[in-house]
Each structure stands twice: as structure tokens, then as C-alpha cells.
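# I'll drop the sequence and a predicted model, then ask my questions.
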Amino acid sequence: MSALNALNATPTRYLITGAGGMLGRDLQSALSHDTGRSVTALARNELDITDAAACAEAVAGHHVVLNAAAYTAVDDAETHEDMAMLINAGGAENLARASAVAGAVLVQYSTDYVFAGEGIRPYSEDAPFAPGSAYGRSKAEGERRARAAHPDGTIVLRTAWLYGEHGPNFVRTMTRLYRELGTLTVIDDQHGQPTWTRDLAAQTVRMLDAGVRSGTLHGTNAGATTWHGFARAIVENLGGDPATVVPTNSAQFARPARRPANSVLAHDGWARIGLAPMRGWRAALDDAMAEGVFG
Ligand SMILES: NC(=O)c1ccc[n+]([C@@H]2O[C@H](COP(=O)([O-])OP(=O)(O)OC[C@H]3O[C@@H](n4cnc5c(N)ncnc54)[C@H](OP(=O)(O)O)[C@@H]3O)[C@@H](O)[C@H]2O)c1
């Protein structure tokens, strides 16, 4: 099938951008479980998503584009907003345009940081944007531009608090610090959803296999906790005493970018398309840590 209109057919040819990143690596594994799929995985040095012509060339011939490439340095983005915008908004737009031409579905990963995080209820998929940081603004703009360029073939999958085997993350950092210090001091005034990249990758595949071709969904593990609660669970899984994790607040840990205080994402979108949401964050963390890959 040439230039297959994957919008109506079973996708078999996948392109992963940002394939060297934490999520990109787990997407490669998730897609490799089924030999019926062919996967092109391009790391940054193989495809720079800010290059529109290179995107068009790379996307051609694929049915699905999984955009795991992003400028993810949240604090640095405050002083490099142009660069964050170029990659997170311009790159998403390049891939959406190329996907529209190729008849491919684009999965654009986004973030809870598109919301202010001031609410008390989980954010629904259609809640209005109110980003409080440069990174959040760039990701919100990426969502807007991708949808505008390819309305019938863009799936926005928002996620949060990612950890995984192949990248620096909170689980790895807390594991190292706990082993070094035997105690941790962690903020307890930000609420969110720790999410294992492997679960997100598997949910992405389930979603595509179920025939989803556009819309917005929330790809986070279920439930919610604080960074303090997350750290307590990590210490418990290391065989330590969770009481050694001391609570503090964000004011004591001032950072350049504002973080949402409550950015828990609602999962109603999954039921609307007949799929179960991702499992609870604690079960995912327990399984991830049982593999012993965080140190
Ligand atoms: N990590 C989180 O907690 C979190 C939370 C919410 C949403 N997300 C979203 O989830 C997605 C995956 O995040 P992640 O944690 O896997 O990020 P990551 O590990 O930082 O991976 C991102 C990858 O994109 C690459 N990249 C950067 N600029 C690029 C460009 N111009 N062209 C091509 N590749 C480029 C990076 O390469 P270099 O390393 O060489 O720069 C890196 O390999 C992103 O959309 C992110 O915004 C992440």
C-alpha cells in the first residue's frame, strides 16, 4: 500500500522521533513485541524535527508517527523559550504537516504543564490551557499547531512525572540519594501522577490497535500522590523506612520554572473509546523497581 491512508487501515509502519530518549526507547520495545510491525527509530542526530524538509522525507511511507522528541529541560526553557518553542511547537507542526501529506497518524506527546495546576479536581481532556512556564507554553503551542495542521490524524497524549529505564528521572535520583544519605527531604505540596514510560508505551500501542486516529487522551498511571508520597514508595521498595523521607514544600526548593501544584489528569477519555485507563501508579512503580534497573 503506498501512501496508505492509515487513518482507515491497520497501521504497520511506525516512525519514532526522539528515539534515543526515555520514552522513545520504551516505544521501540513496545512495538517490537509484534513482528507484524516495522519500526523506524530515529534519534536526534538522525532526524532533527525542527527541519521541515527532513521531517517530510522521514515521515513518507509510514502509517504512524510517534513524536517522542522534545525539549524537556523545564527550568532551562525559562531562559531558552525560543528553542523550546522551536522544538516543541515547530517540530510538532513539521511532523503534523508531514503526516497529513503522508496520510499518517501523529501521536503528539504532551504534558500536564499545559495546565495551571491550581484546580482541586483532575483536569479533563478538554480543560483550557493555562501554562505557568515556558516549557508548558511551548507544549501547549505544539498541541495547537499539530491539531491545526492535521486535525483528523493527530492524537495528543498528555503524560506526566515520567520515569523509565532509559533516562535520568526521579526514581533513579531518589534511589541514589537514599543509598548515599539514608534520608531524603522531598516536597509534599505538588500533586501528580508518577508514570512508567513502559506503561505509557504499551498504552500507546493499545490505543492505536483499537483504531484511535485523533483526539486527546491522558496517558498517566492512575491515582495520584505528591513527590513526597512518591519518594516514600521508592524508599519502601528499596527495603527502607518511609519515615526517613522528610516532607518540605516548594518554597524551600525554589526553581526557575513554576510547577503546577495539582496537575492530576482525568482518564475519562479512555472509557469513551472502550479502553481501560492505565493501572495505578503504585503497582507500576513496584513492577518497575522489581526489575532493579534504577540502581
Ligand atoms: N519526562 C517527563 O516527566 C515528562 C512529563 C510530561 C510529558 N513529557 C513528554 O513526554 C515526551 C517524552 O519525554 P522523555 O521524558 O522521554 O524526554 P527525553 O528523555 O528528554 O527525550 C526527548 C528526546 O528528544 C530529543 N530531541 C530534542 N530535541 C530534538 C530535535 N530537535 N529533534 C529530534 N529529537 C530531539 C532528545 O535528544 P537529546 O537528549 O540529544 O537532546 C531526547 O532524546 C516529551 O514530549 C515530553 O515533553 C515528559
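Received the coordinates, thanks. What you see is a predicted model, and the numbers here were worked out from it, not measured in a lab.
# show me where the stretch 1-150 of the chain has helices.
In the stretch 1-150 of the chain, the helices defined using DSSP state H, counting those that start in this stretch lie at 22-32, 52-59, 81-85, 92-102, 134-149.
# Need the residues that contact the shortest one.
Residues outside helix 81-85 that contact it (C-beta atoms under 8 Å, 6 or more residues apart in numbering): 71, 77, 134-135, 137-138, 141. C-beta here means a position set from N, CA and C on the backbone, and glycine is covered the same way.
# filter those residues by proximity to the ligand?
Contacts with the ligand within the contacts of helix 81-85, counted by C-beta under 6 Å from any ligand atom: residue 71.
# Name the nearest of the contacts of helix 81-85 relative to the ligand.
Using C-beta to the nearest ligand atom, residue 71 comes nearest to the ligand of the contacts of helix 81-85, at 5.6 Å.
# Can you pull the phi/psi pair for the closest one?
When read as degrees, to the nearest 10, the backbone of residue 71 gives phi -90, psi 110.
# picking up where we left off before, want to throw the helices of the stretch 1-150 of the chain into JSON lines with mean pLDDT and distance to residue 176?
Listed next are the helices of the stretch 1-150 of the chain as JSON lines, based on pLDDT from 0 to 100; distance: least, C-beta to C-beta, whole Å:
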{"stretch": "helix 22-32", "mean pLDDT": "97", "distance to residue 176": "16"}
{"stretch": "helix 52-59", "mean pLDDT": "98", "distance to residue 176": "36"}
{"stretch": "helix 81-85", "mean pLDDT": "98", "distance to residue 176": "28"}
{"stretch": "helix 92-102", "mean pLDDT": "98", "distance to residue 176": "33"}
{"stretch": "helix 134-149", "mean pLDDT": "98", "distance to residue 176": "24"}
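# How far off centre is stretch 87-103?
17 Å (C-alpha atoms, centre = their mean, to the nearest Å).
# same question, stretch 211-230
For stretch 211-230, the distance to the chain centre is 9 Å (C-alpha atoms, centre = their mean).
# Residue numbers of the stretch 151-295 of the chain in contact with the ligand?
The stretch 151-295 of the chain has residues 159-162, 167 near the ligand, with proximity defined as C-beta under 6 Å from any ligand atom.
# Please repeat the previous calculation with a cut-off of 5 Å.
Residues of the stretch 151-295 of the chain lying near the ligand by C-beta under 5 Å from any ligand atom: 159-160, 162, 167.
# Can you report how many residues lie near residue 206?
Counted with other C-beta atoms under 10 Å, the neighbours of residue 206 add up to 15.
# between the helices of the stretch 1-150 of the chain, which gets nearest to residue 192?
Smallest distance to residue 192 across those (C-beta to C-beta): 13.4 Å, for helix 134-149.
# what angle separates that closest one from helix 92-102?
Taking axes from the mean of the first three to the mean of the last three C-alpha atoms, to 10 degrees, one finds helix 134-149 and helix 92-102 inclined to each other by 20 degrees.
# Flag every buried residue along helix 134-149.
Residues 134-147, 149 are the ones in helix 134-149 that count as buried (16 or more other C-beta atoms under 10 Å).
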